[in-house]
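# this one's structure only:
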């Protein structure tokens, strides 16, 4: 997969891949327009939405309605380094959710590919090319 990252103006940085355009921006207090989430907020949202895909698939395979199911994601961070130190995912299930599937739905969310990549991060190779347009 290839993504093209460009700089459409201000503090905006966008990614283009396949038929998609993912827009990011910075908050107004740091010079952005606040027109889109920051790249880091997008990254954090990918954790919860990835877990959500697995929960959705689990429910759909078993014919369990997803009405009333939501995942609430919270993060803890180190104030000195600014690094996120812990991510909490609370799968909130409605009273009608079958109790016998509670542990299994947690295990399904735990299969999230984003989480697995964080546990086993890829290697990065960064280069620059002058004269490419």
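Arrived safely, thanks for sending. These numbers were taken from a predicted model, which means no experiment stands behind them. Numbers count the residues shown, from 1 in each chain.
# where along the chain do the helices fall?
For the chain, the helices defined by DSSP state H cover 39-62, 102-109, 113-119.
# name the helices or strands packed onto the longest one?
Spelled out, it's helix 39-62. strand 20-24, strand 70-77, strand 84-92, helix 102-109, helix 113-119 (3 or more C-beta pairs under 8 Å, 6 or more residues apart in numbering; DSSP states H and E). (Each C-beta comes from the backbone N, C-alpha and C, glycine too.)
# quick check: buried residues in that helix?
44, 47, 48, 50, 51, 52, 54, 55, 58, 59 (16 or more other C-beta atoms under 10 Å).
# please apply the same query to the last one.
When neighbours are counted by 16+ other C-beta under 10 Å, the buried residues of helix 113-119 are found to be 114, 115.
# over to stretch 68-85?
residue 69.
# end-to-end on that stretch?
Chord length of stretch 68-85, first to last residue, is 29 Å (C-alpha to C-alpha, to the nearest Å).
# sorry, back to before: make JSON lines out of the helices of the chain and add mean pLDDT and distance to residue 11.
Listed next are the helices of the chain as JSON lines, based on pLDDT from 0 to 100; distance: least, C-beta to C-beta, whole Å:
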{"stretch": "helix 39-62", "mean pLDDT": "97", "distance to residue 11": "11"}
{"stretch": "helix 102-109", "mean pLDDT": "98", "distance to residue 11": "33"}
{"stretch": "helix 113-119", "mean pLDDT": "95", "distance to residue 11": "25"}
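# using a markdown table, please lay out those together with distance to residue 5.
Conversion of those to a markdown table gives the following (distance: least, C-beta to C-beta, whole Å):
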| stretch | distance to residue 5 |
| --- | --- |
| helix 39-62 | 10 |
| helix 102-109 | 29 |
| helix 113-119 | 19 |
